[in-house]
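Chemist: dropping a prediction and its sequence here:
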Amino acid sequence: MNKMLSNKRILIVDSEPDVLESLEELLDVSIIDTTSDFETAKKMLEKKSYDAVILDIMEANGSGLLKLVRHKKIPALMLTAYDISAKYLAESIQGGAYSYIPKYKMADIDRYIADIIL
């Protein structure tokens, strides 16, 4: 675990409970908020400040949330259950995402998050 992520506040938005649980465990030195839906994530972003946000591009209105996160100047990492495609990579980067990774690389999430916020 990357100790530099200690006490960093991270919001994770994904519709899969096992993904939320896994990411929460992998980022256990950070302060984590999780949700599976757009409206709750939107409310959390309006009420709290975050050091980073992890979004599933295909779920929970990931593209819409990315616009809000970009407006608030919060670094975002996009997750996908699919292999990285040129189309979604371009959309994510153009939308303001700092990084775009497939879910099968979640074991290294601390490194990816550290890269975008440190």
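Modeler: Looks like it arrived, so ask away.
Chemist: for this structure, what helix or strand is lowest in average pLDDT?
Modeler: Least confident helix or strand of the chain, by mean pLDDT, DSSP states H and E, is helix 86-94 with a mean of 66.
Chemist: now do the very next helix or strand once past that one, average pLDDT.
Modeler: Per DSSP states H and E, the first helix or strand lying C-terminal to helix 86-94 is strand 99-102. Strand 99-102 shows a mean pLDDT of 81 in the predicted model.
Chemist: give me the sheet partners of strand 99-102 and which way each runs.
Modeler: Sheet pairing for strand 99-102, assigned by DSSP bridges, gives strand 76-80 (parallel).
Chemist: how far does the strand it pairs with sit from the chain's center?
Modeler: When distances are taken as C-alpha atoms, centre = their mean, to the nearest Å, strand 76-80 is centred 5 Å away from the chain's centroid.
Chemist: now swap in stretch 17-33 and tell me
Modeler: Centre-to-centre, stretch 17-33 and its host chain are 11 Å apart (C-alpha atoms, centre = their mean).
Chemist: contacts for it, please.
Modeler: Here stretch 17-33 makes contact (C-beta atoms under 8 Å, 6 or more residues apart in numbering) with 1-3, 5-12, 14, 34, 36, 44, 48, 50, 54, 56, 79, 103, 106-107, 109-110, 113. Backbone N, C-alpha and C define where each C-beta goes, glycine included.
Chemist: whichever of the residues you listed end up buried, select them in ChimeraX.
Modeler: To isolate the buried ones among the contacts of stretch 17-33 in ChimeraX, judged by 16 or more other C-beta atoms under 10 Å, type:
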select :2,5,8,10,11,12,14,34,36,44,50,54,56,79,103,106,109,110,113
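Chemist: so where is this protein shaky, pLDDT-wise?
Modeler: Applying pLDDT under 70 to the chain flags residues 1, 58-63, 82-96.
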